[in-house]
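Student: Let me see the structure of the following:
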Amino acid sequence: MKKFLSYMFASLFGVGFAPFASGTFGSFVSFVFIIPVAYFYGSFGILAFSLLTFIIGWMSSRVVLRYTEHDPSLIVIDETAGQTISFLLIANMLSENFSYWYLYLLGFFFFRLFDITKPLFIGWADRKLENSFGVMFDDVLAGLISAVCLYIITLFI
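Tutor: Next up, the predicted model:
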């Protein structure tokens, strides 16, 4: 049962088994959670949800990694944690007015860009931390850089 639940959480209830671009699908499906959390609970909700997702992802990927190679494509809960963090600095703005919906698209774009290209210390974390913490942490870093980019953009709105 533990193995089954770990695979379900790590794969975001099966999304990670997509035949291609499972990380992109995982990031996209994450908006089912992100939009209502940001809208109703703002930055506090985003922080709490990302922490919860990180902890669940860390625990479930630890089990999955016993049966797979490092950071297999089926683990997409790391995308959920990172994608959520992308909105940490602007979530209160998103909760005030849904007319900033396009920021969700920009956040998606930035997160995927940084998660795929893994610039600077994101790539280091991905290469050096070969455990369940590392699986989650490189996406957290991509989310933090995305959050800063989104925040800078909102300064000009």
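Student: only C-alpha atoms for contact and neighbour calcs from this point on.
Tutor: Will do.
Student: which ones are touching the most centrally placed residue in the chain?
Tutor: For the chain, the residue nearest the mean C-alpha position is residue 82 (2.5 Å; C-alpha atoms, centre = their mean). By C-alpha atoms under 8 Å, 6 or more residues apart in numbering, the contact set of residue 82 is 50, 111, 139, 140, 141, 142, 143, 144.
Student: and those residues as CSV, adding neighbour count and pLDDT?
Tutor: Shown next, in CSV, are these (neighbours: other C-alpha atoms under 10 Å; pLDDT from 0 to 100):
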residue, neighbour count, pLDDT
50, 23, 97
111, 30, 97
139, 31, 95
140, 26, 96
141, 22, 96
142, 28, 97
143, 29, 97
144, 22, 97
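Student: mind saving the C-alpha coords of the helix or strand where the residue nearest to the centre of the chain lies as PDB?
Tutor: Per DSSP states H and E, residue 82 falls inside helix 77-85. Below are the C-alpha coordinates for helix 77-85, written out as PDB (Å, rounded to 0.1, in the frame of the first residue of the first chain):
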ATOM      1  CA  ILE A  77       5.000  16.300  -7.700                       C
ATOM      2  CA  ASP A  78       8.200  18.300  -7.800                       C
ATOM      3  CA  GLU A  79       6.800  20.300 -10.600                       C
ATOM      4  CA  THR A  80       3.700  21.000  -8.500                       C
ATOM      5  CA  ALA A  81       5.900  22.300  -5.600                       C
ATOM      6  CA  GLY A  82       8.100  24.400  -7.800                       C
ATOM      7  CA  GLN A  83       5.200  25.800  -9.900                       C
ATOM      8  CA  THR A  84       3.400  26.800  -6.800                       C
ATOM      9  CA  ILE A  85       6.400  28.600  -5.400                       C
END
